[in-house]
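S.K.: predicted coordinates and the sequence they were generated for:
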Amino acid sequence: MATTLKPVDAVIVGFGWTGAIMAQQLADAGLEVLALERGPWRDTSTDFATGFAQDELRYMWRHHLFQNVSDDTLTVRNNTSQTALPMRHLGSFLLGTGVGSGGVHWNGQIWRFLPSDFLTRSHNEQRYGKKAVTDYDLTVQDWGVTYEELEPYYNQFDVLCGTSGKAGNLNGTIQPGGNPFEGARSAEYPTPPMPQTYGPTLFGKAATELGRHPFPHPTGNLSQPYVNNFGAQLGACTYCGFCEKFGCGNYSKASPQTTLLPYVMAKPNFTLRTESEVLKVELSPDRKHATGVTYVNSAGEEFFQPASIVILSSYILQNVRLLLLSGIGTPYDPQTGQGVVGKNYAYQTMSSVNVFFDDKLINPFIGAGALATVVDDFNGDNFDHSGLGFIGGAYIAGMITGGRPIEMIYTPQGTPAWGMAWKHAAAKNYLRSFSLSVHGSCMSHRGNYLDLDPTYRDIHGRPMLRMTFDFTDNEHKMSDYLTDRAAEIAKAMNPREIKLNRRVGSWSVVPYQTTHNTGGAIMGDSPASSVVNKYLQSWDVSNVFSMGAGAFPQNAGYNPTGTVAALAYYSAQAIVQQYLKHPGPLVQA
Amino acid sequence: MDKPVPGRRHFLISTAVAAGAGVAGSLGAKVHDGELGAPPRTYKGGVPWTEGLADQPPGASGTDFKFFTPAERAFIEAAVSRLIPNDEVGPGAVEANVPFFLDRQLAGPFGRGDHYYLGGPWPKGAPEQGYQSRFSPAQMYRAAIAAIDKYAHANFNGADFAKLSDDDRDKLLKGMESGSIPLEDGVDAKTFFAMLLQNTKEGYFSDPIYGGNKDMAAWKMIGFPGAHYDYREWVTRHGEPVPFPPVSFKGRPGWNGES
């Protein structure tokens, strides 16, 4: 039934950040590269121009740039005793689609994980004993790759984006003004940090008074114009406050469109097909080699695309589903703990503290996706966890991404959600309040995993992905401790009042939290405990590489994109320098 | 700094809104929907570019009601006037034209559930699993309004919801909010209340091209300047009032000779 197409050297499944990075890297190495993207072509001037980009209703609430769940969603439940039901409307996370995907509507928060984050099991066991890791049935693992190995590739992404920030640790020397807890950087940020508005400035002052170490958030919303090594030009951010959930009309936010696509699209050995959704990776009879992918386009035509290398660069939830549907790797079984595909699904543990002033005009509409002053004193293992009863941590940020009024009006504790009292509280507090964000890690747990749903199917007749997830005691304790630390800073700002929004109860699919889903296709040093090796290469099918945060064995207290990009570059380097010369496993099992 | 720039912005917006409103676009505005309707395409050799192509916002047009029946409209006005009441601080939802906004939303793609998965089976599920109704939003409003009126008749001396006193309406709305009021015909009161409140705030605070937020009065009330896109000179002017009056995609009074 499927039409067989002319073979290519590499087929790229999904054309967001990692797809664009791999396309550039592999096309520059001389391969014939084809990218398949299920959504449409998108670009700044046609799809989110400044004349109509600041549209809260259309983009945030009507999901104009997000995955449309009407024909394909996933099912969710908190634990295996429940029946998973479809996520019928986007909420907790806002999945991307189309060219650029989440790279179009992200905030541009560019972080590196801590060196100890890559050693979650061994580091914590060594410092706090085995029980600290195993007490809550946590299934955390080391990554199989170190910060030092990834550092050049983190740097490569900074150079691509023109990341604005201030180094806190340059080649081992602590720098004033930066994050003193970060791993050693080999270079300063390409552009200086964004100037801070009033709210983040007040936060920084209060944090300093408490002995914390505030610094400006590293950002892909650029502080000044920048031309990257591909000749792509980015403009200075204008602080319009429509960043996360929106496309940038101003070429100020690093995205595949603003950093890579003009270069990649012009390569004669690169082709992009849009509205083309990959259904399955096809395997050789011995199931050790991928022969290509089967995809269907928006006209309903089905094709088999032969390829020597298959790069899975769709979002983690799609990548994991494709592995399961294609029979690559052994599915994870939460009862026995055996199997690996779908194992260690994790998320991000978010809470916040709202701050209300009488005497200070915060003007929250002056915002940007990564406009924040941050303290990292309580992230990862930057502090002594002895006796606290949890591992992990969070950054605390005085952050103003915008003042979009449907989403971001804060009202004091006890204010009803509607009626005259709500309206008066909104009118009184909108200009004089903002929020401290507590962006917490999420450890992996034996009962949190991804598999295929037994009941619900997508428009193509394939089983939907099933997500089984809840926050564990470790995460609740961590989040409470960190929320208290944020409240200390909030109080030190001398506001009229504050409001704590703690992380309570089970995970819910309804309120927006963050689109930082991780795990399920985790990396590691052994096929018994991971899906891919340190180069993101499948242990089972060595010409399949799985990109993205699915590789995270657990999630750190940072936004994932910096690490996702660094891993993609690291993988690309291994493919170009090692795999192409000697196709086959890059790490012997 | 805050002088209107008639050239670019007006050009973009007038083209976009004219076409969005169904008025014949002057500049050959081509149809481009950023999420739907694209045939499969192959791109090779460069970034594609088509002159005049813009993913125009789908603004509301007309003044008549398309979705709500007169009885439903009376219900909606009676409900949203309690969710956001009118006083001298700022407009109520009715004064901000939210019922018209809701009508256009429900008559369009949102009402049809274009971004909802509505396939079966449909067990009720846990609250953490979110929306689990088979109804699209338009079906939900229609069914819920009828079910609430039925409840009102049975519990408030045969009166429609729209005929109840402010206090009784608030009582009923609070019961829906908490889920303590049982409704018939497959309507979950809490689910509908959450949708109605969310949509009401959307109509109150979204750009006026969608039919609500009349005269940008809700933005004026809180001090949100609207669709500005450059605040650079204000970034380090900490604590100073930003004197911009609100602007929408269609500009604001005083622009382009409008009053």
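M.R.: Cool, the structure landed.

S.K.: residue boundaries of the helices in the stretch 301-450 of chain A?
M.R.: A:316-326, A:420-429 (DSSP state H, counting those that start in this stretch).

S.K.: what of chain B?
M.R.: B:8-20, B:70-83, B:98-107, B:137-155, B:166-178, B:189-205, B:217-222 (DSSP state H).

S.K.: chain A now?
M.R.: A:17-28, A:44-47, A:120-128, A:130-134, A:147-161, A:198-209, A:256-259, A:261-265, A:316-326, A:420-429, A:473-492, A:561-574.

S.K.: count the neighbours of residue 224 for me.
M.R.: Unless you meant another one, I'm taking chain A. Residues lying near residue A:224 (other C-beta atoms under 10 Å in any protein chain shown) number 15. Every C-beta, even on glycine, is put in place using the N, C-alpha and C of the backbone.

S.K.: that's the other chain; I wanted chain B
M.R.: Neighbours of residue B:224 using other C-beta under 10 Å come to 25.

S.K.: roughly how far does it sit from chain A?
M.R.: 5 Å (C-beta to the nearest C-beta, to the nearest Å).

S.K.: distance of the residue nearest to the spatial centre of chain B from residue B:92?
M.R.: Nearest to the geometric centre of chain B sits residue B:203, at 3.6 Å (C-alpha atoms, centre = their mean). Taking C-beta to C-beta, to the nearest Å as the measure, residue B:203 and residue B:92 are separated by 12 Å.

S.K.: what is in contact with the two at once?
M.R.: Common neighbours of residue B:203 and residue B:92, using C-beta atoms under 8 Å, 6 or more residues apart in numbering or on different chains, are residue B:80.

S.K.: quick one on the thing from earlier: dump the helices of the stretch 301-450 of chain A to TSV, plus mean pLDDT.
M.R.: Below are the helices of the stretch 301-450 of chain A laid out as TSV (pLDDT from 0 to 100):
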stretch	mean pLDDT
helix A:316-326	98
helix A:420-429	98
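
S.K.: what about the chain, any weak spots by pLDDT?
M.R.: Assuming you mean chain A. Within chain A, no range satisfies pLDDT under 70.

S.K.: wrong one, I was asking about chain B
M.R.: Those would be B:1-30, B:36-37, B:256-259, if you go by pLDDT under 70 across chain B.

S.K.: mind listing what the nearest residue to residue A:503 once chain neighbours are set aside touches?
M.R.: Excluding its sequence neighbours, the residue lying closest to residue A:503 (C-beta to C-beta, 6 or more residues apart in numbering or on different chains) is residue A:479, at 4.1 Å. Contact partners of residue A:479, counting by C-beta under 8 Å, 6+ apart, are A:349, A:351, A:394, A:438, A:440, A:471, A:502, A:503.

S.K.: show me the contacts for residue A:485.
M.R.: Counting by C-beta under 8 Å, 6+ apart, the residues that residue A:485 touches are A:377, A:378, A:396.

S.K.: which residues touch the closest residue to residue A:70 other than its chain neighbours?
M.R.: Distances taken as C-beta to C-beta, 6+ apart put residue B:117 closest to residue A:70, at 5.6 Å, once the chain neighbours are dropped. By C-beta under 8 Å, 6+ apart, residue B:117 lies in contact with A:69, A:70, A:71, A:72, A:73, A:86, A:87, A:88, A:89.

S.K.: just give the closest residue to the fourth one, not the sequence neighbours.
M.R.: Once flanking residues are discounted, residue A:72 sits nearest to residue A:458: 4.1 Å by C-beta to C-beta, 6+ apart.
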